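J.: Provided below are the primary sequence and the corresponding predicted coordinates.
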Amino acid sequence: MSASVETAASVARTAPAAVIVAIDGPSGTGKSSTSKAVASHLGLSYLDTGAQYRAMTWWMINNGIDVSDAVAVADAAGKPVIVSGTDPAAPTITVDGEDASGPIRTQDVTAKVSAVSAVPEVRSVVTALQRAVAAAAEGGIVVEGRDIGTTVLPDADVKIFLTASPEARAARRSGELKGQEAVDVSVTREALIRRDAADSSRKTSPLAKAADAVEVDTTELTLQQVVECVVTLVEEKRAVR
Ligand SMILES: Nc1ncnc2c1ncn2[C@@H]1O[C@H](COP(=O)(O)OP(=O)(O)OP(=O)(O)O)[C@@H](O)[C@H]1O
Ligand SMILES: Nc1ccn([C@H]2C[C@H](O)[C@@H](COP(=O)(O)O)O2)c(=O)n1
């Protein structure tokens with residue numbers, strides 16, 4: 001065996017194998033916060049798939065597509081060029097080269113994203129994009145969304161399904177919105193429940209827990225406790241691979 005082959009072999013023995021982590025769950029359960037922190041802690045890439053569906057929705061609105069017209073949305077689904085940056089410390093998203101990170105978080109986009117993401121042609125385009133990003137992440141990746149463990153990456157090494165009570169989720173979201181838009185916690189709660197119902201009941205790839213996912217109820221946990229729990233699960237998985 002040559003010296004260079006020996007070196008490569010020893011690197012393979014000591015470097016942690018690339019790991020794919022899928023984190024799904026309803027809105028406001030802590031997927032983004034947890035996924036970014038876990039990815040940063042473990043040196044993995046990070047992908048926010050909700051941001052991609054939001055980007056698609058923002059493009060539809062900007063281009064005068066009636067989002068309640070599923071045929072029009074389907075016809076346009078292949079047109080926007082959506083690019084996600086996967087650094088967990090500074091994730092980015094552009095649409096046709098334009099920074100979309102701010103505009104995709106407006107209430108208008110939030111109210112329309114479930115309708116757009118229910119269209120099968122949209123899901124097909126965005127799912128292909130997500131798989132390409134995951135495949136390119138040589139060091140491993142944390143991918144968060146609604147259907148990652150069930151559909152996008154069914155062979156993920158670790159699958160987590162986060163939950164929390166509607167009250168806890170609404171309180172978290174209302175805290176975020178203070179000083180910006182609506183702050184009424186009951187309005188936020190109803191909007192969350194409506195969006196979850198739409199995301200869970202669509203025909204194509206609904207929000208669902210994969211059979212082999214670990215469910216973590218975050219209602220009574222701090223963000224740090226949730227992150228520690230997920231990091232432990234990933235490290236345990238790495239240890240036996
Ligand atoms: N365990 C926790 N305890 C308290 N607050 C939390 C916890 N996890 C997340 N948060 C806060 O809740 C809010 C929502 O979290 P986050 O955006 O991570 O949820 P999400 O599941 O990604 O939501 P969405 O699906 O709508 O994007 C944020 O303000 C975040 O700081
Ligand atoms: N894998 C995914 C991720 C997101 N969506 C849809 C449904 C959500 O309501 C919306 C926005 O996601 P958020 O930013 O709140 O995480 O995008 C989906 O259908 N599949």
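T.: That came through fine. Ligands and ions are numbered 1, 2, ... in the order given.

J.: which residue sits closest to residue 31, ignoring its sequence neighbours?
T.: Leaving aside its chain neighbours, residue 31 sits nearest to residue 144 (4.2 Å; criterion: CB to CB, 6 or more residues apart in numbering). C-betas here are computed from N, CA, C, even on glycine.

J.: can you list the residues of this structure near ligand 1?
T.: Neighbours of ligand 1 within the chain, by CB under 6 Å from any ligand atom: 25, 27-33, 50, 172, 176, 218, 221-223, 226.

J.: out of these, list just those in helices.
T.: Counting by DSSP state H, the part of the residues of the chain next to ligand 1 found in helices is 31-33, 50, 172, 176, 223, 226.

J.: before we move on, back to that, mark which of the residues of the chain next to ligand 1 are buried, thanks.
T.: Neighbour-count burial (16 or more other CB atoms under 10 Å) applied to the residues of the chain next to ligand 1 gives 25, 27-32, 50, 172, 218, 221, 226.

J.: ends of stretch 207-221, how far apart?
T.: End-to-end distance of stretch 207-221 (CA to CA, to the nearest Å): 22 Å.

J.: got it, and stretch 196-206?
T.: Using CA to CA, one end of stretch 196-206 lies 10 Å from the other.

J.: ok, and what's touching that stretch?
T.: Stretch 196-206 has contacts (CB atoms under 8 Å, 6 or more residues apart in numbering) with 26-27, 114-115, 117-118, 120, 123, 127, 146-147, 150-151, 207-208.

J.: which of those residues has the largest number of neighbours?
T.: Within the contacts of stretch 196-206, most neighbours by other CB atoms under 10 Å means residue 117, with 27 neighbours.

J.: what's the distance between that one and ligand 1?
T.: Going from residue 117 to ligand 1 by CB to the nearest ligand atom, to the nearest Å gives 12 Å.

J.: that residue touches residue 51, doesn't it?
T.: No: counting by CB atoms under 8 Å, residue 117 sits too far from residue 51 to count as a contact (11.7 Å).

J.: follow-up on the earlier one: isn't the residue nearest to residue 31 right up against residue 45?
T.: No: with contact defined as CB under 8 Å, residue 144 does not count as touching residue 45 (11.8 Å).
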